[in-house]
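S.K.: For reference, the sequence and a predicted model appear below.
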Amino acid sequence: MPVLLRSILCLFSMLALQLAAASVCASAQARSTPPSEIAREQSPAVVVIEPVDESGRALAQGSGFIATPSGAVITNLHVVRGAARVRVKLPGGDVYQTSDLVDFDADKDIAILKIKGFRLPTVRLGDSDRAEVGEPVVVISSPEGLINSLTTGVISGVRRLETHRVFQITAPISQGSSGGAVFDSAGAVIGITTYILRSGQNINFALPINYARGMIADEPKMTLASLPQPAPVAAAAVNSDEDEIAGEVDTAARRKLGRVPHEPMFTRPDEALGFFYRMVGGVGLLRLHDVLDLTRTAALVKSGETSETERFTIEYLSFFTGVGFNFRKQDKLLESVEMLVNWSVSDLERNLGPKYKRKTIDGRTVLEYKRSEEGRLIQAFQDENKNIRIVRFLRAK
């Protein structure tokens, strides 16, 4: 082959490689859309969901987004359950009222509403199976009724619950964000904002959109009135009603979860809290064999002892770090229960209030709350970074 021809072919090969590289770079840039552009293009389809009672009084407020031009709206089931009907408010000012449902999934907390629309703005649905940890996300929702607020963050983890997966995200969400849209960097919806972990710092969760895609349609199949009512587990966790909590503990004990340290004994925060406050109620009453029986599906391990006490822990208890138990050696009676956390002082004050005394116990800084109505003290132990790592409940002397 003549030298000139070989040179020309070599030159064309180099140009082809450069064009291919440029094409790849252009394609990568095309896949990444600035948050401002995602907001401009997609936010017209992100709506406010306002459940109301029979008299039209607003019961709460959440978010949602339109999936079809004829009015299929995706949101969380907990946003609409218990309502007589809902008002769906579009950013442009239009308001639709409906009680129609296309479908729902109670385990995954999904509801597909149907409003009577035509050529409505819609979001672009993505493929949540392709989402990866570390990937940037944009959330558009209406926290506290602030329509179409935008936050950014990353997918910080993918967590497996009993029946499905959830994305853990760092994009901040608040009350009213439930049902909002989580967009990937290309501007496609990959998740539904679902709940936050109040005891942590910016720990938020979203449901992968692929769980909802097979439910989307334009023909309603039922109404809000036909939805089953939720079990009162949240009330049990908050109010510590003895019978309801005992039921939750029994349900949890039958589950085959938590038998090794990296598996959770509970898959929901309210169940974990219900169990914790049941243990708090047992201070001075339960003995070691009682606690061992109640925690028989968990990795309860002995983690220390003194001349007077023995300590046991469950290192991983669902959405907070763990729980600790301290027993008197002489009679194996439960002396105190500890919530193992990673809180700031502001987290502590938000959960337990700002009125406490600062003390030093065994060389550690302790924020101590006064005796509760049940006759117990609450002590929060700080580490060297002034973060709260242990919240101890014990009987006041």
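M.R.: Nice, I can see it. Every value quoted in this text rests on a predicted model; they were computed, and no experiment measured them.
S.K.: what ranges do the helices span in the stretch 201-350 of the chain?
M.R.: In the stretch 201-350 of the chain, helices defined by DSSP state H, counting those that start in this stretch lie at 210-213, 233-239, 242-254, 269-281, 288-294, 345-352, listed in chain order.
S.K.: Show me what the fifth one is packed against.
M.R.: Contact partners of helix 288-294 among helices and strands, from 3 or more CB pairs under 8 Å, 6 or more residues apart in numbering; DSSP states H and E: helix 269-281, strand 309-314, strand 334-343. All C-beta spots, glycine's among them, are computed from the backbone N, C-alpha and C.
S.K.: mind giving me the domain split of the chain?
M.R.: Domain segmentation of the chain under automatic domain parsing yields 133-207, 233-395.
S.K.: Show the average pLDDT along the helix or strand where residue 63 lies.
M.R.: Residue 63 belongs to strand 62-66 when assigned by DSSP states H and E. Averaged over strand 62-66, pLDDT sits at 96.
S.K.: Mind listing the strands that strand pairs with, and their directions?
M.R.: Sheet pairing for strand 62-66, assigned by DSSP bridges, gives strand 46-52 (antiparallel), strand 72-75 (antiparallel).
S.K.: looking at those, which one has the lowest mean pLDDT?
M.R.: strand 46-52 - the lowest mean pLDDT of the strands paired with strand 62-66, at a mean of 93.
S.K.: Nearest residue to residue 388 in space, please, no chain neighbours.
M.R.: Nearest residue to residue 388, sequence neighbours excluded (CB to CB, 6 or more residues apart in numbering): residue 343, at 4.1 Å.
S.K.: buried residues in stretch 350-357?
M.R.: Neighbour-count burial for stretch 350-357, counted by 16 or more other CB atoms under 10 Å, picks out 352, 356.
S.K.: Start and end of it, how far apart?
M.R.: End-to-end distance for stretch 350-357: 16 Å, by CA to CA, to the nearest Å.
S.K.: starting at the chain centroid, how far to it?
M.R.: Offset of stretch 350-357 from its chain centre (CA atoms, centre = their mean, to the nearest Å): 24 Å.
S.K.: what is the mean pLDDT for it?
M.R.: 84.
S.K.: what sits up against that stretch?
M.R.: For stretch 350-357, contacts defined as CB atoms under 8 Å, 6 or more residues apart in numbering pick out 198, 199, 343, 367, 368, 369, 370, 378, 380, 391.
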